[in-house]
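>>> Have a look; sequence and predicted model below, questions after that.
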Amino acid sequence: MAFDAPHIRRQFPFFTANDALVWLDSAATAQKPETVLRAMDDFYRTTNANVHRGMYEVAERATAAYEGARDTVKKFMNARHSDEIIFTKSTTESLNLVAKSWGIAHLKKGDVIVLSILEHHSVIVPWLQMKEEAGITIEWIDCDDEGRLIMNDLKKALAGKNVKLVAVSGQSNVLGVRPPVTEIIRLAHQSGALVCIDAAQLIAHHPVDVTALDCDFLAFSGHKLYGPTGIGVLYAKREIMQTMPPFLGGGSMIEEVRRDGFTPADPPHRFEAGTPPIAEAAGLTAAIDWLAQFPWKDIEEHEKNLMRAAFETLNDIEGLHILGPKNPDDASACVSFVLKDLHPHDLADILGQEGFCLRAGHHCAEPLHKRFSVPASLRLSVGIYTTEEEIRRLGPALKKAQKILAK
Ligand SMILES: Cc1ncc(COP(=O)(O)O)c(C=O)c1O
């Protein structure tokens, strides 16, 4: 059966409740299919208990649901072991965990972390904090005008010998470009550096296989994968995780607590202090199971067609400039643009009044916007349920907004 976005869309209650809206902001958060909402509702109605502590049957079922989610994520990303999956609250928390646990244990003054200019603030800021706290140095990989990373910048940084980790996005949340992560991992490993992949955007649009990639860390959020907010994942190689101290202290992350100290639990529980996101884990399992019914090649082909339609629509607008890729096939699931002399916030406001939901601003990527010499942009992003017709409707709406603002 051909991939049928309108049919898929009907499985999302949000679109029934908001049938006048054109949702072009899936990069910020994706809508959730009925099955995810039902899984969370069912969990609270039938299975609600805390995990890893109750001795009674319902608590055992809650623990099984939570640990089952870990197995589901392990299979989804082809990790070697379930204990390589840590549940956090978001990509942001996962990336902070890398900097503040692995970073504190392994970095000293003069060590170098390499970041790409494409990065989201949740990659950049934790390392800037480590710069202040531990005296590390940050070096940058720039990109060309189409958003392609300048691999020579990475090679130069790695030649300096002190690079301990390279942190790079799997897919830019502004330009939609996908850096060559396989090559980056190969080069970094050759120099003895680890690699942390921010897969917040990539995860819903392309299969991720952490074993084939051989990355050391990889982070994503449930809510961009058609799952709930409040749950994130950090994949970390088992042998690396074992060298990392706890990030947060509290219940569930200890083996023993004494008056004068404590012994942490083994990973991954060492990194999951307090009551974890249990119902959210049930929702994430449902999202991953739901997505599994669609072959990745169908999702990717559908989203490629959407991006082709988006570029055609946008390139037809006078004074509109797309940031980064010229070829829509290089922009996965999102495209950002500016319109001559018009502020993206004003445009987003007028489009919003017409029912179009697009994000305006720097999209938590200020260094990248500075690289392109603009303070802000408008971003169109798509998901599995987006239709070409929605994208085509944006053209006349943008022209109308342009006319209104020109007055
Ligand atoms: C590329 C990228 N990294 C990290 C994040 C942070 O994700 P979260 O807000 O779910 O922690 C986002 C969110 O937009 C993102 O697009």
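On my side now, so go ahead. Please read all numbers here as calculations on a predicted model, not as lab measurements.
>>> Flag every residue of the stretch 201-350 of the chain that's near the ligand.
Counting by CB under 6 Å from any ligand atom, the residues of the stretch 201-350 of the chain close to the ligand are Q201, S221. For glycine as for every other residue, the C-beta is placed from the backbone atoms N, C-alpha and C.
>>> So H81 is in contact with R238, correct?
Yes. H81 is in contact with R238 according to CB atoms under 8 Å; the separation is 5.6 Å.
>>> Look up the residues that both of these two are in contact with.
Jointly contacting H81 and R238 under the rule CB atoms under 8 Å, 6 or more residues apart in numbering is no residue at all.
>>> Before we move on, what's the pLDDT of A2?
Note for A2: predicted pLDDT of 66.
>>> ok, which stretches of the stretch 151-300 of the chain are helices?
151-159, 181-190, 210-213, 238-241, 278-291, 296-315 (DSSP state H, counting those that start in this stretch).
>>> Sketch out the low-pLDDT regions of this structure for me.
1-2 (pLDDT under 70).
>>> per-domain residue ranges of it.
Structurally, the chain divides into domains by automatic domain parsing as follows: 5-31+295-406, 37-291.
>>> Enumerate every residue touching the closest residue to the ligand within the stretch 301-407 of the chain.
Distances between the stretch 301-407 of the chain and the ligand by CB to the nearest ligand atom are smallest at C364, namely 6.1 Å. Applying CB under 8 Å, 6+ apart, we find C364 in contact with H120, H121, S122, N173.
>>> ok, and the closest non-adjacent residue to the first one?
Take H120 and drop its neighbours on the chain: the residue closest to it by CB to CB, 6 or more residues apart in numbering is C364, 5.1 Å away.
>>> Tell me how far the one you found lies from H121.
Going from C364 to H121 by CB to CB, to the nearest Å gives 4 Å.
>>> What's opposite the residue of the stretch 201-350 of the chain found nearest the ligand in the beta bridge?
Residue of the stretch 201-350 of the chain nearest the ligand, by CB to the nearest ligand atom: S221 (3.4 Å). In this entry, S221 is beta-bridged to G232, by DSSP bridges.
>>> So it sits against G232, correct?
Yes. Using CB under 8 Å, S221 is in contact with G232, at 4.7 Å.
>>> Identify the contacts common to the two.
Going by CB under 8 Å, 6+ apart, residues that sit against S221 and also against G232 are S90, T91, T92.
>>> on that earlier part again, so which of the contacts of C364 would count as near the ligand as well?
H120, S122, N173.
>>> Let me see the backbone angles for the second one.
For S122, the backbone dihedrals are phi -70, psi -20 (criterion: degrees, to the nearest 10).
>>> tell me the contacts of it?
With CB under 8 Å, 6+ apart, S122 has these contacts: T91, T92, L95, N96, D198, A200, C364.
>>> Apply 6 Å and report the result again.
T92, L95 (CB atoms under 6 Å, 6 or more residues apart in numbering).
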